[in-house]
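K.L.:
Provided below for reference: sequence and predicted model.
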Amino acid sequence: MFSRRELLAMSAAGAAMVSSSAQAATFGNPDEPPQGAINAKSPGSLSDPGPQNPALAKQFPSAQEPPATDVGGLQMNWASFNNAPRRIQNGGWARQVTVEDFAISKEISGVNMRLSAGGIRELHWHQAAEWAIMTYGNCRITVLDVQGRPYVADLKAGDLWFFPSGAPHSLQGLGPDGCEFVICFDDGHANEFNTLLVTDWFAHTPPEVLARNFGVPAETFANIPLHDRWIFQGTVPGDLAADRAAIAKHAEAPPYPFVYSLGSSAPVKESSAGSIRVADSTNFKVATTVAAALVTMPPGAVREMHWHPNADEWQYYIKGKARMTVFDTGPNARTTDFSAGDIGYVPRNLGHYVENVGDTDVQFVGVFRAPRYEEVSLSNWLAHTPPALVAQHLNIDEKVIAQWPDTSPGIMPKS
């Protein structure tokens with residue numbers, strides 16, 4: 001038998017539970033206290049009477065009014081080439097985003113470069129590997145591998161190149177209007193403005209040493225530039241076949257090409273909801289430290305909920321308007337908006353999805369410091385888990401679970 005005091009206590013506890021349930025957050029807002037505009041009842045909860053920059057705020061609607069399911073304080077995963085200062089020279093320009101500018105991006109740094117027709121990014125090499133995707137025009141690349149085998153090729157928009165760490169190379173814009181491209185280095189600290197340049201080394205080597213090294217008189221080097229060229233205007237290259245013949249001499253050809261046509265390759269996933277094309281060491285043999293996925297989605301499509309177990313994902317948005325939500329333990333969830341020229345970043349194993357929130361196609365490339373592209377699909381995992389087990393976790397009928405995709409579709413269409 002319960003005493004009167006015990007009965008009163010039990011009644012009070014029950015009332016408290018009912019009250020708590022009645023005040024619980026709206027569906028989709030599991031955290032206390034309730035978050036998001038949907039839970040803001042007083043007018044002053046949403047207004048912003050203080051100083052502001054409306055033009056800037058308009059570009060980030062998910063920051064001004066995040067989904068109520070966003071929670072915690074995930075590290076900023078947005079950066080952009082749009083506000084990165086350009087270093088401009090006669091022949092082209094470049095701008096970069098490294099870990100110094102973008103703290104979360106520890107594995108990859110990015111460079112956006114433009115070369116005019118005939119513009120030359122001078123002969124140089126890096127301490128990091130260089131992966132790049134062409135976004136405009138045409139470019140000629142040259143490179144020498146560690147076995148002394150030369151390679152030269154012309155690239156168009158959608159093509160990739162890869163130069164291993166230490167491989168000497170050059171880039172030059174072709175006609176009619178040069179080129180533009182985005183470079184990724186497999187080191188977040190790598191800096192395009194601090195590379196090993198051939199003109200710099202010549203200028204800082206005594207002429208007599210140069211003479212002995214190349215077997216010619218010291219006077220040969222009387223007019224070399226005394227500063228590096230970095231980017232400079234040259235003449236538009238001639239016929240590709242002629243350049244190939246000129247560099248061959250007695251050297252063998254490298255076993256694998258240093259370029260790959262990702263934009264025109266067969267998709268690994270394709271439907272009315274969009275396409276995903278992949279380039280990694282399985283089909284782009286030379287790219288041993290960088291993998292990439294080119295994603296194209298029509299309006300309303302969603303890049304399905306997934307994660308990447310083997311590397312962080314560095315994203316470059318080529319066109320369209322997108323919104324990405326990233327989930328981490330904590331709980332932590334953050335939604336961020338992206339437009340053309342922006343950079344996104346997702347640490348390895350963090351769940352995320354991307355939505356096309358514009359009225360044109362979204363296209364972005366995800367770059368990974370890894371030899372292979374790896375992805376785990378949330379729906380594919382749950383569809384291959386015993387339905388009764390999933391049902392007990394989520395309070396969803398097993399018949400509904402049986403309808404979930406079990407083929408890792410990659411992109412889901414607008415519902």
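P.N.:
Yep, that arrived. Source: prediction; values computed, not measured.

K.L.:
switch to C-alpha atoms for all contacts and neighbour counts from now on
P.N.:
Noted.

K.L.:
and Arg121, bridged to which residues?
P.N.:
Leu171, Ile231 (DSSP bridges).

K.L.:
who touches it in this structure?
P.N.:
115, 170-172, 230-232 (CA atoms under 8 Å, 6 or more residues apart in numbering).

K.L.:
Drop anything exposed from the residues you listed.
P.N.:
Buried members of these, counted by 16 or more other CA atoms under 10 Å: 115, 170-172, 230-232.

K.L.:
about what we covered before: ok, the contacts of Arg121 vs Thr69, which is closest?
P.N.:
When the contacts of Arg121 are compared for distance to Thr69 (CA to CA), Leu115 wins out at 43.9 Å.

K.L.:
Find the nearest non-adjacent residue to the closest one, please.
P.N.:
Gly92 (4.3 Å; CA to CA, 6 or more residues apart in numbering).

K.L.:
The one you found is in contact with Glu122, isn't it?
P.N.:
No: taking CA atoms under 8 Å as the definition, Gly92 is not a contact partner of Glu122, at 11.5 Å.

K.L.:
Below-threshold pLDDT in this structure: ranges please.
P.N.:
Within the chain, the stretches with pLDDT under 70 are 1-29.

K.L.:
And the helices in it, which stretches?
P.N.:
With DSSP state H, the ranges of helices along the chain come out as 4-22, 54-58, 61-64, 198-203, 207-214, 240-248, 378-383, 387-394, 398-401.

K.L.:
Can you add mean neighbour count and distance to Gly366 and give those back as a markdown table?
P.N.:
Listed next are these as a markdown table, based on neighbours: other CA atoms under 10 Å; distance: least, CA to CA, whole Å:
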| stretch | mean neighbour count | distance to Gly366 |
| --- | --- | --- |
| helix 4-22 | 11 | 42 |
| helix 54-58 | 10 | 25 |
| helix 61-64 | 14 | 21 |
| helix 198-203 | 16 | 32 |
| helix 207-214 | 13 | 43 |
| helix 240-248 | 12 | 31 |
| helix 378-383 | 18 | 18 |
| helix 387-394 | 13 | 30 |
| helix 398-401 | 13 | 30 |
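
K.L.:
Next, work out how far apart the residue nearest to Leu115 and Phe185 are.
P.N.:
20 Å (CA to CA, to the nearest Å).

K.L.:
More neighbours: these two, which one.
P.N.:
Using other CA atoms under 10 Å as the criterion, Gly92 and Phe185 rank with Phe185 on top: 30 against 26.

K.L.:
Pretty sure the more buried one sits against Ser105.
P.N.:
No: look at Phe185 against Ser105 with CA under 8 Å: they stay out of range, at 11.2 Å.

K.L.:
which residues do Gly92 and Glu122 both contact?
P.N.:
Common neighbours of Gly92 and Glu122, counting by CA under 8 Å, 6+ apart, are 231-232.

K.L.:
got the domain boundaries for the protein?
P.N.:
79-260, 265-376 (the TED database).

K.L.:
Dump these into JSON lines; add distance to Leu382 as well.
P.N.:
Shown next, in JSON lines, are those (distance: least, CA to CA, whole Å):
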{"stretch": "domain 79-260", "distance to Leu382": "30"}
{"stretch": "domain 265-376", "distance to Leu382": "11"}
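
K.L.:
Trp230: what's it in contact with?
P.N.:
Residues near Trp230 by CA under 8 Å, 6+ apart: 121-122, 197.

K.L.:
beta partners for the residue most central in space within the chain?
P.N.:
Closest to where the C-alpha atoms of the chain average out (CA atoms, centre = their mean) is Gln315, at 1.6 Å. Beta-bridge partners for Gln315, by DSSP bridges, are Gly344, Gly366.

K.L.:
Equivalent analysis for the one 10 residues further on, please.
P.N.:
Residues found in beta-bridge contact with Thr325 (criterion: DSSP bridges) are Thr335, Tyr353.

K.L.:
distance of it from Trp78?
P.N.:
11 Å.

K.L.:
And for Arg372?
P.N.:
25 Å.

K.L.:
Name the residue in the two with the higher neighbour count.
P.N.:
Shown here are Arg372 and Trp78; by other CA under 10 Å, Arg372 has more neighbours (21 against 18).

K.L.:
what's the burial count for the residue lying closest to Glu100 once chain neighbours are set aside?
P.N.:
Nearest residue to Glu100 in three dimensions, chain neighbours excluded: His189, at 7.2 Å (CA to CA, 6+ apart). His189 has 19 neighbours, counted by other CA under 10 Å.

K.L.:
how close does His189 get to Met113?
P.N.:
Distance, His189 to Met113, using CA to CA: 18 Å.

K.L.:
can you tell me which residues contact Ala132?
P.N.:
Here Ala132 is in contact with 160-162, 181-184 (CA under 8 Å, 6+ apart).

K.L.:
Filter the residues you listed down to just the buried residues.
P.N.:
Looks like the contacts of Ala132 have 160-162, 181-184 buried, using 16+ other CA under 10 Å.

K.L.:
Which ones among those residues map onto strands?
P.N.:
Assigned to strands by DSSP state E, the following of the buried ones among the contacts of Ala132 qualify: 160-162, 181-184.

K.L.:
how about those in a markdown table, adding distance to Arg244?
P.N.:
Shown next, in a markdown table, are these (distance: CA to CA, whole Å):
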| residue | distance to Arg244 |
| --- | --- |
| Leu160 | 19 |
| Trp161 | 17 |
| Phe162 | 19 |
| Phe181 | 23 |
| Val182 | 25 |
| Ile183 | 24 |
| Cys184 | 26 |
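
K.L.:
which pair in the residues you listed spans the largest distance?
P.N.:
Phe162 and Phe181 (12.7 Å).

K.L.:
who touches Thr407 in this structure?
P.N.:
With CA under 8 Å, 6+ apart, Thr407 has these contacts: Asn380.

K.L.:
measure stretch 32-49 end to end?
P.N.:
Start-to-end, stretch 32-49 (CA to CA) is 27 Å.

K.L.:
which parts of it are buried?
P.N.:
34-36.

K.L.:
So Gly119 sits against Gly92, correct?
P.N.:
Yes: here Gly119 reaches Gly92: they are 6.2 Å apart, a contact under CA under 8 Å.
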